[in-house]
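# build me a model:
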Amino acid sequence: MLRRGLFGDRWTYVLLFVLMTAGFWWLEQQGTEDPYPSPAGAERTDFPREYLPGFSGGELVSHDHYLLSYSEPYEQAAWVAYTLKREHLTTDDRERPFFVEDPKVATRSAHWRNYKASGYDRGHLCPAGDRRFSEAAYNQTFYTSNISPQHPEFNAGVWNELEKQVRRWAREYGQVHVVTGGVLEPGLPRIGEEGVAVPRYFYKVVFRGGGSRVRALGFLIPNEPSGAAPESFLAPLDRLESLTGIDFFAPLPEPVQEALESRVEARHWKF
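Residues are numbered from 1 along each chain as shown. Sure thing, here's the model as predicted:
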């Protein structure tokens, strides 16, 4: 009886080991599969690669309708870049999906639960409202690599107003390009088990055209409630570069960069 009992226990342990191994494999597969894939042959929205920000501190991740540089130490994107075209501006009603970890980030983007009961919104960087033209494009804005902790009144207030202004410019000029994110710096407060950094400021760079005829505006807005209009927060691009360590127009000749980045040229934009 003793020998049969030991033999039976051994096979029980073997079976448990096999089941646990299979379970871990299944969980790993769930973590790497894309929950929001684009249909085969779907069109992409390309951001002009020659204007990708220069930044050495993150992992470059490319999705079908935006790109980002994920900064693991801060558990969010240092920048998100996307193009918004006039034809993207639809009012299609979309069912709001779940926030999910980004399957393309090698270290996995921070889990949405970090934001739970933190007092901060899961603030989009590439807005879901700019990607209503397709279900996949809309859903892909809910990867957690595309969010950052934002004060609720900031997110629903001045930040939302700036996003609406960008849509008006896309309608007016045909298309615009956007680079945006939080200002990531040492000493920021953190939320959640993974320590997601809470930016004190958010920036947005909006530009159109190309070559020596690039027109660009920069915004720097505190992550706090404000009743001021977005244009109250215009900032020279060289100040944004100094704060973020990001080079926004590296491919342009130095004289063009200096003229573009040293002053605010709001006269080229309709508010």
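# how many neighbouring residues does Leu240 have?
A total of 21 residues lie near Leu240 under the criterion other Cβ atoms under 10 Å. Heads up, the C-betas are built off the backbone N, CA and C, glycines and all.
# so it makes contact with Phe249?
No: between Leu240 and Phe249 there is no contact under Cβ atoms under 8 Å: 11.2 Å.
# residues near Gly157, how many?
Neighbours of Gly157 (other Cβ under 10 Å): 18.
# likewise the one 3 residues further on?
Here the count is done by other Cβ under 10 Å, and Asn160 has 15 residues near it.
# make 301 the first number, not 1, from now on.
Shifting the count to begin at 301 puts that one at Asn460.
# any low-confidence regions in the stretch 301-450 of the chain?
Where the stretch 301-450 of the chain drops to pLDDT under 70, the residues are 301-332.
# now do the helices in it.
302-332, 435-440 (DSSP state H, counting those that start in this stretch).
# okay, buried residues for stretch 454-468 please.
By 16 or more other Cβ atoms under 10 Å, the buried positions in stretch 454-468 come out as 454-455, 457-459, 462-463, 465-467.
# so how far is it off the chain centroid?
Stretch 454-468 has its C-alpha centroid displaced from the chain centroid by 16 Å (Cα atoms, centre = their mean, to the nearest Å).
# swap in stretch 378-391?
Distance, centroid of stretch 378-391 to centroid of chain: 12 Å (Cα atoms, centre = their mean).
# other residues contacting that stretch?
345-348, 352-353, 355, 357-358, 365-371, 425-426, 430-433, 446, 466-467, 470-471, 474-481, 484, 544, 546 (Cβ atoms under 8 Å, 6 or more residues apart in numbering).
# which of the residues you listed are buried? Put it as a PyMOL command.
To isolate in PyMOL the members of these that are buried, counting by 16+ other Cβ under 10 Å, one can use:
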select buried, resi 345+347+352+353+355+358+365+366+367+368+369+370+371+425+426+430+431+432+433+446+466+467+470+475+476+477+478+479+480+481+484+544+546
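# so which of the contacts of stretch 378-391 belong to strands?
Among those, the residues falling in strands (DSSP state E) are 367-371, 475-481.
# of these, closest to Gly518?
The shortest gap between Gly518 and any of these belongs to Val479, at 9.4 Å (Cβ to Cβ).
# the closest one: what's it in contact with?
Contacts of Val479 (Cβ under 8 Å, 6+ apart): 353, 379-381, 504-505, 546, 548.
# for Arg500, which non-adjacent residue is spatially closest?
Asn523 (5.8 Å; Cβ to Cβ, 6 or more residues apart in numbering).
# how close does the one you found get to Lys464?
From Asn523 across to Lys464, the span is 19 Å (Cβ to Cβ, to the nearest Å).
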